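Engineer: okay, here's the prediction I keep looking at, along with the sequence it came from:
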Amino acid sequence: MDGRKASGILAALWLVAACSAPIEEETVRGGRAAVTQRPFDKNTLLDDKSMRDADAMSVADVQKFLDKTPWGTKSALASYEEDGKSAAQLMHDAATKHGINPLEMLVRVQMEQGLVSKTSAPATTISLAFGCGCPHSPVCSDAYRGFANQAECAAGTLRRSMDRAITSQGTVSGWKRSSSKESQDGISITPTNAVTAALYTYTPWVGEAGGGRQGVGGVSLHHQVWGRFAEAASYGAWATQSNEPEAEEPGGATDPPAGDPPAGEPPTSEGEGESEPPPGSGDPTPPSGGADAGPPRDDPSGSDAPPSDGSNDDAILGEGSMPPSSNAPPPKPKGKTPTRPEDLPQASEEELAAKKKTAEGCAMSGGSSHAGLSNALLVASAIAMAASRARRRRD
């Protein structure tokens, strides 16, 4: 091998090394693409902090969601009004009154009657929007019919159930944090927090998507709808099934509460001190009939609204709702930012031809070429040394 051939090989190797240097992959991050929905966990359906985030959405946010749903359509509730108030206003009012995330109202109204996805609905369906108190409860009456009354009933019973879930008695149907209980579809559940116990009180079924009864939505439907709606509403801080339990009271989340809150102090949930105290917080005994103890509010005789003292919660929640699995959320839209290298699209020949070149004629990339150059230098040096030895032997 003469010197000119060796020089040619060396130059070619330099060119190959410069053009074939490894490209450092960049992780796709940012925005909603970074929010990943965790798998369904029957014992931890949601975190308490998210459910209590009453400021998560404004009335305008709720209305915007109804005007353009995740299905890309306008909800039947978008133009609905009752006593001069929009459905968005009524849901927001009930949620903020009871310290519940307004997103939950959207999730619940979809689970029960599919009223977010439906573009039209009869008045009779809207009057039972949340399936709360009617039509199967023994207390079903005009006090529970109508969208405003339904929203008040849903938000109120959920909040009172969360407050009671961390006491020794638990909710009206016996669900409580860190205590095992069987769902209506025969699955053993140990709620790790207050909201999980409260959601099972409202819907005591795991449901089809979670391995429970076929055809029943259950709490696994809640998990699906919440995750999809939270993403669509850009509620990026939400956290379903946190891998790490939130800060707990002494004893931790896995240990049943040693007792009820001390007299004069409101019950608290994992690391949270903002819970509204139920009446007689030092006396955990529910009112007569086993009803939940809710925040004290006036309930004038003859009122056409649900009693807000929780006196009917036992009758309302005793059987629990059984929403159909068909009220599921839409599939995730296509065109999302890819999060894995194999999901990245292949560049076309036109795109490759148009890619900017360096002075050496190689396509530019964001990766480092140091490793490629070092390897090429070693190979080129070895070839040059071999050529030199070959020349010496011929001489």
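Structural biologist: Cool, the structure landed. Numbering: from 1, shown residues only.

Engineer: hang on, Thr201 packs against Ser173?
Structural biologist: Yes: the pair Thr201 / Ser173 is scored as a contact, 5.3 Å apart, by CB atoms under 8 Å. (C-beta placed from N, C-alpha, C; glycine too.)

Engineer: so which of those two has more stuff around it?
Structural biologist: Under the criterion of other CB atoms under 10 Å, the comparison of Thr201 against Ser173 puts Thr201 first, with 28 against 20.

Engineer: can you name the element that comes right after the helix or strand in which the more buried one is found?
Structural biologist: According to DSSP states H and E, Thr201 maps onto helix 194-202. Heading C-terminal from helix 194-202, the first helix or strand you meet, by DSSP H and E, is helix 218-232.

Engineer: which residues does that following helix contact?
Structural biologist: With contacts defined as CB atoms under 8 Å, 6 or more residues apart in numbering, helix 218-232 is touched by 32, 35, 37, 40, 42, 45-46, 65, 69-70, 103-104, 106-107, 110-111, 116, 183, 185, 199-200, 203, 205-212, 238, 240, 322-323, 325, 327-330, 332.

Engineer: can you list the weak-confidence ranges in the stretch 1-150 of the chain?
Structural biologist: Across the stretch 1-150 of the chain, the stretches falling below the confidence threshold (pLDDT under 70) are 1-37.

Engineer: now do the helices in it.
Structural biologist: Under the criterion DSSP state H, counting those that start in this stretch, the stretch 1-150 of the chain carries helices at the ranges 3-19, 48-51, 59-67, 87-97, 102-113, 123-126, 147-164.

Engineer: could I get those helices as CSV with distance to Phe229?
Structural biologist: As requested, the helices of the stretch 1-150 of the chain are arranged in CSV below (distance: least, CB to CB, whole Å):
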stretch, distance to Phe229
helix 3-19, 48
helix 48-51, 12
helix 59-67, 8
helix 87-97, 13
helix 102-113, 6
helix 123-126, 19
helix 147-164, 15
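
Engineer: walk me through the domains of this structure.
Structural biologist: By the record's domain assignment, the chain is partitioned as 3-28+343-394, 34-317 (automatic domain parsing).

Engineer: quick one: contacts of the helix holding Thr201?
Structural biologist: Residues from elsewhere that reach helix 194-202, judged by CB under 8 Å, 6+ apart: 43-48, 50-51, 154, 157-158, 161-163, 165-166, 170-173, 175-177, 181, 183, 189, 191, 219, 222, 269-270, 317, 320-321.

Engineer: which stretches of the stretch 151-300 of the chain have low pLDDT?
Structural biologist: Residue ranges of the stretch 151-300 of the chain with pLDDT under 70: 236-300.

Engineer: which parts of stretch 61-78 are buried?
Structural biologist: Neighbour counts using 16 or more other CB atoms under 10 Å place 61-63, 65-66, 69-70, 75-78 of stretch 61-78 among the buried residues.

Engineer: got the CA coordinates for it in CSV?
Structural biologist: Below are the C-alpha coordinates for stretch 61-78, written out as CSV (Å, rounded to 0.1, in the frame of the first residue of the first chain):
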residue,chain,number,x,y,z
ASP,A,61,-63.4,27.5,32.4
VAL,A,62,-66.3,25.2,33.0
GLN,A,63,-68.3,26.9,30.3
LYS,A,64,-65.4,26.7,27.9
PHE,A,65,-65.2,23.0,28.6
LEU,A,66,-68.9,22.5,27.8
ASP,A,67,-68.7,24.7,24.7
LYS,A,68,-66.0,22.4,23.2
THR,A,69,-65.8,19.0,24.9
PRO,A,70,-63.0,16.4,24.5
TRP,A,71,-65.3,15.0,21.8
GLY,A,72,-64.9,18.2,19.8
THR,A,73,-68.6,18.9,20.2
LYS,A,74,-70.9,21.2,22.2
SER,A,75,-72.4,19.7,25.3
ALA,A,76,-76.1,19.6,25.9
LEU,A,77,-75.4,21.5,29.1
ALA,A,78,-73.6,24.4,27.3
